[in-house]
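In: I would like to see how this sequence folds:
(chains A and B)
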Amino acid sequence: MPVNVVVLMKPVVDPKAIVNFRPDGTIDRSAVKLVVNPYDKYAIEAAVQLKEKLGGKVVGIAMAPLHAVDSLREALAIGVDEFILLSDLKLAGSDTLATSYALSAAIRKIWQKLGSLDLILCGIESSDSNTGHIGPEVGEWLGLPSVSYVDSILEVRDGSVLVKRLIEGGYVVMKVKLPAVLSIAGTSYQPRIPALREVLAARRKQITVWNTAEVGIDQSLVGLAGSPTRVVRMWRIEIKRRGKIFSDPDVDKMLEKFLEEIRRDGISLGVRS
Amino acid sequence: MTFSKILVYVETSEDSPAEHSLELIWKARELASKADMSVEAVLVGHGVFDIAREVTYRGVSKVHVVDNPRLATYSLIPYTTAIAEVIKKTEPEIALFSATVIGRELAPRVAARLKTGITADCTDVDIGSWVDPSTGRKYEKVLYQIRPTYGGEIMAAIVTPSHRPQMATVRPGLFPIPPRDTSRSGEIVGWNIEIADEEFSKIEVLEVRREQRKVDLKSAKLIVSGGRGCGLKGLELVRELAEVLGGEVGASRAAVDSGWISYDHQVGLTGQTVKPEVYIAIGISGAVQHVVGMKDSKIVIAINKDPDAPIFRVTDYGIVGDLFVVVPKLIEKLKRR
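Out: Numbering: from 1, shown residues only, chains lettered A, B, ... in the order given. Now for the predicted structure:
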């Protein structure tokens, strides 16, 4: 049975970049490079593996400003067939409730175009906001079951999907009726590195841009006006990690340097030292 | 006059309220006394009235119970309905959940059902008034939801001024457990919530595999943890280093799932939350589920052969190299000290 999959992706501030504040206390996203949320890459890999096994189509969707478009090419290179960028100034300032509403409206439109939809996949959370809300909230808006912390998709059969999901101290195997929303936590889906040929081909693929009107989004439910939450203040944490990296092919030399450094920083390694 | 209240969703563990839920009650009581509110709890399951009694001993004035044989095991959609209905009927100002595997999927689902705001994974919550700078309007009994963001570098304070309830998930392991006092009395209210058959059939649990925990890493001063990169042999090195340093042995989920070490030792979202003086991560890539369990450690040291491994972003001292070369040499040098 071929499966049609929608993968939700968030362009995020490169986790390696240092973010800066604007004078008004918000994060300045304009100066930093955007990349696909690393956790969403597991979801892309899971979707592409399903497509390879069962056939069907993988459609990617992201809600982001237009300049995020370049960060999404990577998904196309990995094997996403089509990409929708939901972009509109009216969406700016959306919190997770508003974002999940807008995405669910766009998913309905993709669903209509495909004729059928089986799975909606996303990463367990984003590397910048770390909420993990979008999967369950999209499920609720669409009236579909959702499962968070999915380690792996075991089987798709007879209108259901069998998933292994992490819990405290173990896992559960669940049978979930399709269509379903799955938030992928599994590092069992190590994202593949696309070949140069695929990267070049992805550059020529079209990314379709939709605005809120085209999707039929109720504008009172998105943006700041549609968001129940407000960020009132942000501040940098004072205790920062030292981030000292030791790298040397001469392991002895490297370890001596490391031990010397921690000694100098007054770090005691263990109770017996 | 009705008191405004804070509602805490209580998870169960065996036949008791979960520890993290009791921690949340402690925090809710602190907020309630500050703002002259009451603390209530909601409990969903089957045969949970005794657990509800236990919850009242921890200083909760009322426990709302949705008890139904079909709710005996956790299932997302019926539980969402049960909790959302109790919230609609009792109208709390604030609803708090633990940031556990269950809480982190259930709370946003409930929030979306009620079309209210929610903040994830708070490390603290506070209560007070808030003035909207754009309208000048003042809001009372506002929950300040404080959480790390941008991978933990930045803290944010978030409010939900005009929607109710104000919802948040709060990280376990941050607050004490309120003392058990059997002389306390609290009201227990049973609710009969109608849940459609269809809600039960959408997600079916076929198999549960779970281990109980014996090793307590919470009070450890030094932890040496091994991950996917270790293998059985690497974990031997992890144990040896822990032994030399007089520390405890920890592990990532990947190492536990591979059967190299028991669940007792697992650090992370589905394991234990630790904050030792020194945390040494060996062959651990630093998946978010692991990092949430150790990022409050005072000093983090990582050994990994991949210089781009995310663990190095939350590290004080990162050693890039093959653990099978680095760790034996490190042990040798430490022994010589």
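In: local confidence estimate at residue A:273?
Out: In the prediction, the pLDDT value recorded for residue A:273 is 43.
In: swap in residue B:134?
Out: 89.
In: check residue A:270 too.
Out: Among the per-residue scores, residue A:270 holds a pLDDT of 63.
In: same question, residue A:243
Out: We note a pLDDT of 86 for residue A:243 in this prediction.
In: ok, longest helix in chain B?
Out: As assigned by DSSP state H, the longest helix anywhere in chain B is helix B:19-35.
In: mind checking if it is in reach of chain A?
Out: No - in terms of Cβ under 8 Å from any Cβ of the partner chain, no part of helix B:19-35 sits within range of chain A; the closest distance is 9.8 Å. Placement of C-beta: from N, CA and C, glycine included.
In: and that helix, which residues are buried?
Out: Along helix B:19-35, these residues count as buried under the neighbour rule (16 or more other Cβ atoms under 10 Å in any protein chain shown): B:20-32, B:35.
In: of those residues, closest to residue B:322?
Out: Of all those, residue B:322 sits closest to residue B:20, with 37.9 Å by Cβ to Cβ.
In: could you look up the next helix or strand downstream of the longest helix of chain B?
Out: Using DSSP states H and E, the helix or strand that directly follows helix B:19-35 along the chain is strand B:38-45.
In: just the angle between that following strand and helix B:19-35, please?
Out: Taking axes from the mean of the first three to the mean of the last three Cα atoms, to 10 degrees, one finds that strand B:38-45 is oriented at 160 degrees with respect to helix B:19-35.
In: residue A:48 contacts residue A:58, correct?
Out: Yes - if you go by Cβ atoms under 8 Å, residue A:48 and residue A:58 touch, sitting 6.3 Å apart.
In: between these two, which one's more packed in?
Out: Neighbours were counted for residue A:48 and for residue A:58 using other Cβ atoms under 10 Å in any protein chain shown; residue A:58 has more, 25 against 21.
In: what sits against that one?
Out: A:4-7, A:44, A:47-48, A:50-51, A:79-82 (Cβ atoms under 8 Å, 6 or more residues apart in numbering or on different chains).
In: any residues in contact with both of residue A:48 and residue A:58?
Out: The contact sets of residue A:48 and residue A:58 overlap at A:79, A:80 (Cβ under 8 Å, 6+ apart).
In: where do the helices sit along the stretch 101-250 of chain B?
Out: Listed in chain order, the helices of the stretch 101-250 of chain B (DSSP state H, counting those that start in this stretch) span B:101-114, B:197-201, B:231-245.
In: wait, chain A
Out: In order along the chain, chain A carries the following helices (DSSP H): A:38-54, A:73-78, A:96-114, A:134-142, A:196-204, A:212-215, A:251-264.
In: now the last one: average pLDDT?
Out: If you average the pLDDT over helix A:251-264, you get 94.
In: who's in contact with it?
Out: Contacts made with helix A:251-264 from outside it, assessed by Cβ under 8 Å, 6+ apart, are listed as A:244, A:246-248, A:269, B:317, B:319, B:321, B:325-326, B:329-330, B:333.
In: need the contact list for the closest residue to chain A within the stretch 1-150 of chain B.
Out: Proximity of the stretch 1-150 of chain B to chain A (Cβ to the nearest Cβ) peaks at residue B:117, 3.0 Å away. Shown here is residue B:117, whose contacts under the criterion Cβ under 8 Å, 6+ apart are A:95, A:97, A:227, A:228, A:229, B:111, B:160, B:163, B:166, B:167.
In: for the fourth one, which non-adjacent residue is closest in space?
Out: Computed as Cβ to Cβ, 6 or more residues apart in numbering or on different chains, the closest residue to residue A:228 that is not its neighbour in sequence is residue B:117, at 3.0 Å.
In: ok, back up a step: out of the helices of the stretch 101-250 of chain B, deepest packed?
Out: The densest packing among those, expressed as mean neighbour count by mean count of other Cβ atoms under 10 Å in any protein chain shown, is seen in helix B:101-114 with a mean of 25.
In: need the helices of chain A in TSV (columns: distance to residue A:121).
Out: Compiled in TSV, the helices of chain A are given as follows (distance: least, Cβ to Cβ, whole Å):
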stretch	distance to residue A:121
helix A:38-54	4
helix A:73-78	12
helix A:96-114	11
helix A:134-142	9
helix A:196-204	19
helix A:212-215	20
helix A:251-264	41
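In: okay then, goodbye and thanks.
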